[in-house]
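>>> with the input below, show me the fold.
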Amino acid sequence: KKTHSILFPHQLIRLVYQHSMFLGRLEERLHNWHHVQKIGDLFSGFKEETKGGLFKVYLSYITHFPLLFEKLSKMSSTNERFRQYIQRCRQEEPACQRLSLLSLLYNPIQRLPQYLMLL
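Next up is the predicted model:
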């Protein structure tokens with residue numbers, strides 16, 4: 001259980017949830033697109049809706065990422081079943097898009113600067 005909470009911290013679950021909600025709003029906006037349409041208000045609303053909490057969740061995730069990386073590296077080097085499992089997922093699971101688990105877990109760290117540049 002402890003290893004699971006290190007590799008998949010609660011911040012990651014919260015980020016997935018918040019982004020799922022945001023994606024729904026973006027898709028709705030796209031479906032009702034007008035030539036003078038904009039999306040900046042969705043980003044502003046997203047930030048206000050989470051009361052800045054989303055950025056705090058990102059920062060918390062980034063702060064704890066070195067521990068996650070260390071645990072993942074250790075498990076990959078010492079646990080053959082784990083290494084085979086994540087390799088099989090990478091190769092066979094369409095949702096992984098052939099990316100490593102580390103790459104997938106690194107995505108939230110890359111996302112925050114992208115949002116800040118958009119705003």
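>>> going by C-alpha atoms from here, please, whenever you check contacts or count neighbours.
Noted.
>>> identify each buried residue in the strand or helix carrying Leu112, please.
Using DSSP states H and E, Leu112 falls within helix 101-118. For helix 101-118, a neighbour-count test (16 or more other C-alpha atoms under 10 Å) marks 105, 108, 112 as buried.
>>> helices and strands of the chain: which one bottoms out on pLDDT?
Lowest by mean pLDDT, DSSP states H and E among the helices and strands of the chain is helix 40-49, with a mean of 68.
>>> in the protein, which residue is most central in space?
Pro108 (4.0 Å; C-alpha atoms, centre = their mean).
>>> contacts only, for the nearest residue to that residue once chain neighbours are set aside.
Distances taken as C-alpha to C-alpha, 6 or more residues apart in numbering put Tyr58 closest to Pro108, at 7.2 Å, once the chain neighbours are dropped. Applying C-alpha atoms under 8 Å, 6 or more residues apart in numbering, we find Tyr58 in contact with 11, 15, 108-109, 112.
>>> buried stuff in the helix or strand harbouring Tyr58?
Element membership for Tyr58, per DSSP H and E: helix 53-78. Using 16+ other C-alpha under 10 Å as the test for burial, helix 53-78 gives 54, 57-59, 61-62, 65, 68-69, 71-72, 76.
>>> what about Tyr85, distance to Glu93?
In this view, Tyr85 and Glu93 are 11 Å apart by C-alpha to C-alpha, to the nearest Å.
>>> what kind of secondary structure is His35 in?
With DSSP: H, G, I helix; E, B strand; the rest coil as the basis, His35 sits in coil.
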